[in-house]
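>>> return atomic coordinates for the entry below.
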Amino acid sequence: MRSRTDMKARGFSLVELLTVIAIIALVISIIIPVLSGARQTGKRLASQQLLSDIAGAAGRFKLDNQGRNPGYFSERQMGSAENGGRGMSGMENAMLDLAGAGAVIGNVFDTPLDVSQGDIAVGPTSNTREQVVVRAPLMGTDKGSYFAPSREYYEAQVAGTQQMSSVPGHAGASESALQLLDVVDAFGSPVLFWSADTYTLPRVNSRDQFAAINSGGNPALFYWNSNAAFLSATALGRKGYDQTVPPQPGVQGSLLGAGAGDLERTLSMTALLGSISAPRAPNGQTVDQLLDENSETSIENLFPGLGRGAFVLQAAGADGMYMSSKEKGFSTVAPHARNHIEYGLNFKYWDSFNNRAHRLTDDNGNPTTRDVIAEFDDIVVGGGG
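Next up, the predicted model:
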C-alpha cells in the first residue's frame with residue numbers, strides 16, 4: 001500500500017480550468033450591468049432629491065418675499081440679448097438669493113472689488129448699475145441661506161466649453177479660477193432654473209407669449225437666454241457632451257440646445273415648461289375643437305396657458321444632454337417633427353401612416369393625456385404654484 005506521502009495531489013485539467021473561467025466570466029457579465037444599473041438608479045434618485053430640495057428652498061423664499069421667485073436679477077434681465085453671450089445662468093441668479101446672504105455685498109457701480117477677499121462682478125448685462133459684487137467664498141456659508149448644496153453638487157465650470165460665458169465671474173478659464181459655482185446633478189451636469197415672468201405676463205394668450213429666445217421683443221413667460229450659458233456649451237459637465245449638435249432622430253443632439261433653430265427651441269421649451277392641466281387654443285378656436293380635429297395643425301395650435309410651476313428645475317440626467325434627440329421620448333414624435341417636440345403631443349399623437357392626428361385614449365377608449373417629457377431621462381421639477 002502506498003503511503004499518503006507517496007500520493008500526488010491531482011490538479012485541474014485544462015477543460016476544468018476553462019469551465020471555471022467561463023463560469024466566472026458569466027457571473028461577472030451578469031453582476032457588472034446590475035451594479036452599473038444600481039449606481040445609475042442611485043444617482044437619478046439623488047438628482048431627484050436635489051431638485052426637490054432646491055424647489056422647496058425656492059418655495060420658502062417665495063413665501064418670504066411677497067411671491068417673488070428667487071433671483072437677484074429679473075426674468076427680462078436674464079433673458080436679455082446680451083446674456084446670450086455673457087452667460088449668467090438661471091441657477092446662478094437664483095443662488096444669489098438662495099445662498100447669497102452675506103455674499104452679495106453691493107452694486108458694481110458704487111462698490112469697489114476686493115479681489116483679495118474673493119470679490120467678483122456678475123450680472124446678465126454690461127450696465128454696471130445692473131451688476132453686483134459677490135464675495136464668492138461666502139456663497140452658501142451664511143446660516144440664513146435658504147439652500148446650501150454640498151460640495152459634490154457645487155462645481156466650477158470652464159468658460160468656452162462647459163459654460164459659454166464672456167464674464168470671468170460667471171465662468172473661469174479653469175476650474176480653480178474665482179467664479180460663481182454651479183449646482184450640478186449627481187451625474188455632473190449643471191441644473192437649469194427656469195423662472196416664469198408672471199409679473200410682466202400673468203396670463204398667456206398665444207403660443208409666442210409662452211417662450212422666446214430673448215426678452216428684446218414682446219414679453220414671454222420664459223426666455224431661452226436665461227440658460228443659454230449651458231444650452232450653448234460644447235462640453236457640458238463631467239461627461240462633456242456638445243449641446244450645440246443639431247437634433248435629429250438617433251443623433252445625440254439637444255432639442256433645447258443652440259444647434260436647434262429659434263422656433264424649434266421655443267416649441268421644445270413650451271412642451272417642457274407648459275402645464276398639461278392648462279391647455280389653450282388660439283382666438284377663434286376652442287381646445288375641444290383642436291382635440292377633435294385630425295389635422296397636423298390641431299397638434300401645433302395647442303399651447304399652455306400656465307407653466308408647470310412659477311419656476312421649473314431641470315437636470316440633464318444620465319445621458320448628460322438636455323432633452324436628447326437620441327432618447328426614446330423623441331423617437332415617439334419623430335414622424336411628426338424631426339427637430340423639436342410640441343406641447344400638443346401631451347394630448348394627441350400623429351399617425352404618419354394615415355397622415356392624421358388622433359386623440360390619446362386609455363385602454364378603455366376614453367380620452368387621456370400623457371407627459372411627453374417623462375419619456376426623456378431629464379429630471380424635471382416644478383414649484384412655486
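>>> tell me how far stretch 110-120 lies from the chain's centre.
Relative to the chain's own centre, stretch 110-120 is displaced by 31 Å; criterion: C-alpha atoms, centre = their mean, to the nearest Å.
>>> flag every buried residue along it.
Using 16 or more other C-beta atoms under 10 Å as the test for burial, stretch 110-120 gives 113, 119-120. Bear in mind the C-beta positions are built from the backbone N, C-alpha and C, glycine included.
>>> mind checking which of these land in strands?
Among the buried residues of stretch 110-120, the ones falling in strands (DSSP state E) are 119-120.
>>> give me the residue at the spatial middle of the protein.
residue 314 (3.1 Å; C-alpha atoms, centre = their mean).
>>> about what we covered before: between the buried residues of stretch 110-120, which is nearest residue 269?
residue 120 (29.4 Å; C-beta to C-beta).
>>> any idea how many residues pack against residue 198?
20 (other C-beta atoms under 10 Å).
>>> my read: the residue nearest to the centre of the chain touches residue 191, true?
Yes: contact between residue 314 and residue 191 holds when scored by C-beta atoms under 8 Å: they sit 7.0 Å apart.
>>> between the buried residues of stretch 110-120, which is closest to residue 143?
Among the buried residues of stretch 110-120, and counting by C-beta to C-beta, the member closest to residue 143 is residue 119, at 21.6 Å.
>>> what residues are up against that closest one?
105, 113, 133-136 (C-beta atoms under 8 Å, 6 or more residues apart in numbering).
>>> equivalent analysis for residue 249, please.
Neighbours of residue 249 in contact, by C-beta under 8 Å, 6+ apart: 325-326, 330-331, 334, 338.
>>> show residues contacting stretch 343-353.
267, 270-271, 274, 276, 279, 290-291, 296, 298-304, 332-333, 335-336, 356-360, 369-372.
>>> end to end, how far does it reach?
22 Å (C-alpha to C-alpha, to the nearest Å).
>>> and it, what's buried?
343-350.
>>> just stretch 178-191 next, same as before
For stretch 178-191, by 16+ other C-beta under 10 Å, it's 179-191.
>>> for these, which one is nearest residue 161?
Nearest member of these to residue 161, counting by C-beta to C-beta, is residue 190, at 12.6 Å.
>>> the closest one and residue 172: what is the separation?
For residue 190, the distance to residue 172 equals 14 Å [C-beta to C-beta, to the nearest Å].
>>> and if you look at residue 93?
18 Å.
>>> more neighbours, those two?
Between residue 93 and residue 172, counting by other C-beta under 10 Å, residue 93 is the more crowded of the two (28 against 20).
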